[in-house]
Structure formats: C-alpha cells, structure tokens
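Undergrad: what follows is a predicted protein model with its sequence.
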Amino acid sequence: MAGTLPPLFEISDEDHGGYAAVTVYTLLALTIVVVLTRLFSRWYIGRVIHSDDILLAAATLSGTLQSVIVQLAISNGLGRKRSTVDNHHFRSFLKYEYVAQILLIVTIALSKISSGLLFKSTLTSRKYTLANMSLIGAISAWAVGSILALALRCSLPTPWEWNLTEKCIDQAALFQAIAALNIITDVALVVLPCVLLRNVQLSRWKRFRIMALIASKLVVCAATGVEIHYILNLFKSPDLLWASTNSTVWDQVMMNLSLVTTALPSLGRLVVELQPDVYAFAIHDDPADAHRGDKYNISSVKRSFHTRTDPPLSPGTSVQVTSGWRESIRDDAESMEGLVSPPTNVIQQTIHFEVHSTSSNP
C-alpha cells in the first residue's frame, strides 16, 4: 500500500530480535512514567528529596543505559540465527551482552537499596533499624559479589567471550546462585516491613493497602524464576544468538518490574500517610488586627485557622508548631517512658512548641 511505513522491527523465521526490542522500549517507557510520577509526587507533597528517591532515580538511569546496551546487542545479532551473522558482529554481541548483564545487577541492587531505605526515615524502632541495615548490607554484598563474578567469569584478557565454555567457570551455576539470592533479598524486602506494620496502630484497610503495595515486589521473584529458566536454556543451546531472545526478554521484564514495584509504595497519598512530618505550623499574632486581642493565627501548608491562648501571649510573640509521627514500640520504652502507659505498640503524634518573645517587660 502506498505511503505505508516499514515496520520498526522486522520479525522473521531467522530474526526474532524484534521481540526483545519491543519489550525493551515498552517496559522502559512504562518504568520511566511510573518513576517520574513517584519522584514528582514525593517532591510535590513533601518538598524534599530523600535518599531512597535519589537511589531510585540512579537505578532508573542505570536501567535506561542497560536498555541502550541491549539494543546495541540486538543490532549486532541478538535474536538472529548464527548463520546470518558474521564474526565481527557476533563478537560485538558478546561484549554488549557481557556489559548488559553487569548493568542489570547494578540497576536491581540500587532499586533494592531504595526499597530498604523507604521506611528507614519513617519508623524508628532500633530493632527494625538494625534488621533493615543488615538487609541493605546483604544486598550490597550480593551486588558486589555478583558484579565481580560476572565480570571475571571467563579468562582474561577477554572475559566477555562467555561463549567459550572451556575458558569460563560454570556459568549456569553462577546465574542460579545470583538468581536465588536475588529472590531471597526480594522476599526479605517484603517480609520485614510487613511484619513491622502488623504492630503499628493503623486502620485495617490502610494496613492492608500498604502491605499490598509492598508485596507487589513478589512478582519480581516470579519473573526471576522464569528468567533463570531461559538463561539455563541459553547455555544449553548451540545457537547463543537465537536463544538469547527469551532470556533477554525476561531480563528486561525482571529489571523493570523491580523498578516499578520500588516506586509503587510511595505513590499518591501514601507519602503523607507514612511521612506526616512534612506538615509544619506557625502561630503568630497580627499587629494589624488590634481588636483581635489574644487571638492568634495558626497556618500550615494546607490551611489556616484561629485559636485563642489563655493567658494571652504578649504582642510580638511567635510560636512555631511542628507536627510529626513517632513510632513507639517495646524496644523504645526507655525513650518513650511516661508517654505510653502501659507500653503498647502504637504510633503517637508529638507536638513541639517553640515560643520566641520580642516584648520587653519593665
């Protein structure tokens, strides 16, 4: 038909690279939209960027670079029959695939650490903090170990020639070990905050909603299981280019799901529900309103209202009120002594007043 544009990715009996390309661009576009929405919502509501936001942004940039490398691998023969690809392009494919696997670990590790840091700033139990930091340490160790193992899996000076099995370690066992630890850390990132939230005084619906968003990361475990299945098939195949299609598709599914499920728990009003300390109030008198007497105006980011002090504050006095949530659990009984009696697992709202008087009395 006249005027019809050629397809962006041709798929034929000898070239399935288009399947991988469509997966790369579709999932990457979805991930960027979700992550940008999460980052914008955190900034719009809280007017502050946390460490987990920075790490998620870094993970998304790393994932974008990894997707570019995968596209270069596709351009050099990934998904095609080996007989249709010359040796020059095949060697380029091996190098790009080698780099893509390392960047995949970098991206997933950054997204995992971002998930671990999400609740660190909102829940203050010493026991949780210790467990959380231990988990982040385990994730970091998994990432460093996996990157080094992948980078050095084949003999120097050409470690990217992973097609020469006699020069490489048992790659199937290596990828199985990496995937197993990947799944274990993802499960821990779900279990740890959900166990803690069971002891927090929230409505049943709100607790279920938060836990469901956290538990969405379990779909990454399922994707990892499918991914390792196709990677094992890849190492058994006599045609690495052709067999790389399925493993690459599931690499991208797993990586982008990791980013999306990291962003989900902080979308929308959940930011306010988990971090209400973003609200600050100020109480001040208005010298222009002489008839108001001992009335003072209380303003916040969302609203303002009036209150009356008894006894009245002297003119020129300003009061600042900061509102935030404090988790109180048995491990914090010493620091919270006198606020909770008897000690129970609750969340308390604490109000801090600062009064500054500029008036002078004879």
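TA: Looks like it came in fine.
Undergrad: switch to C-alpha atoms for all contacts and neighbour counts from now on
TA: OK.
Undergrad: for this structure, longest helix please?
TA: Ranked by number of residues, the top helix in the chain under DSSP state H is helix 87-118.
Undergrad: which SSE is immediately downstream of it?
TA: Remark: after helix 87-118, the chain's next helix or strand is helix 126-151, criterion DSSP states H and E.
Undergrad: flag every buried residue along that following helix.
TA: Applying a neighbour-count criterion of 16 or more other C-alpha atoms under 10 Å, the buried positions in helix 126-151 are 128-129, 132, 135-136, 139-140, 142-143, 146-147, 149-151.
Undergrad: for those, give me TSV that also has distance to Asp186 and pLDDT.
TA: Converted to TSV, the buried residues of helix 126-151 look like this (distance: C-alpha to C-alpha, whole Å; pLDDT from 0 to 100):
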residue	distance to Asp186	pLDDT
Tyr128	17	78
Thr129	18	80
Asn132	13	85
Leu135	10	92
Ile136	11	92
Ile139	9	95
Ser140	13	95
Trp142	12	96
Ala143	13	96
Ser146	16	95
Ile147	18	96
Ala149	20	95
Leu150	20	94
Ala151	23	94
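Undergrad: what's the farthest-apart pair in those?
TA: Tyr128 and Ala151 (34.3 Å; C-alpha to C-alpha).
Undergrad: how many residues are close by the nearest residue to Gly63 once chain neighbours are set aside?
TA: Nearest non-adjacent residue to Gly63, counting by C-alpha to C-alpha, 6 or more residues apart in numbering: Thr107, 5.5 Å away. By other C-alpha atoms under 10 Å, 26 other residues sit near Thr107.
Undergrad: who's in contact with Thr107?
TA: Counting by C-alpha atoms under 8 Å, 6 or more residues apart in numbering, Thr107 touches 59-60, 62-63, 255.
Undergrad: top of the residues you listed by number of neighbours, please.
TA: In terms of neighbour count, Gly63 stands highest of the contacts of Thr107 at 28 neighbours, by other C-alpha under 10 Å.
Undergrad: could you look up the SS state of that one?
TA: Assigned with DSSP: H, G, I helix; E, B strand; the rest coil, Gly63 falls in the helix class.
Undergrad: tell me how far it lies from Ser258.
TA: Note on Gly63: its distance to Ser258, by C-alpha to C-alpha, to the nearest Å, is 10 Å.
Undergrad: ok, Leu56 next?
TA: 10 Å.
Undergrad: show me the contacts for Ser244.
TA: Applying C-alpha under 8 Å, 6+ apart, we find Ser244 in contact with 78-79, 231, 234.
Undergrad: what does Thr262 give?
TA: 56, 111-112, 114-115, 217.
Undergrad: then His16?
TA: Listed by C-alpha under 8 Å, 6+ apart, the contact set of His16 reads 10, 79-80, 242, 245.
Undergrad: would you map the strands across the protein?
TA: 280-284, 295-299, 304-308, 318-328, 346-356 (DSSP state E).
Undergrad: confidence score at Lys295?
TA: You'll see Lys295 listed with a pLDDT of 40.
Undergrad: likewise for Pro362?
TA: Pro362 is assigned 43 on the pLDDT scale.
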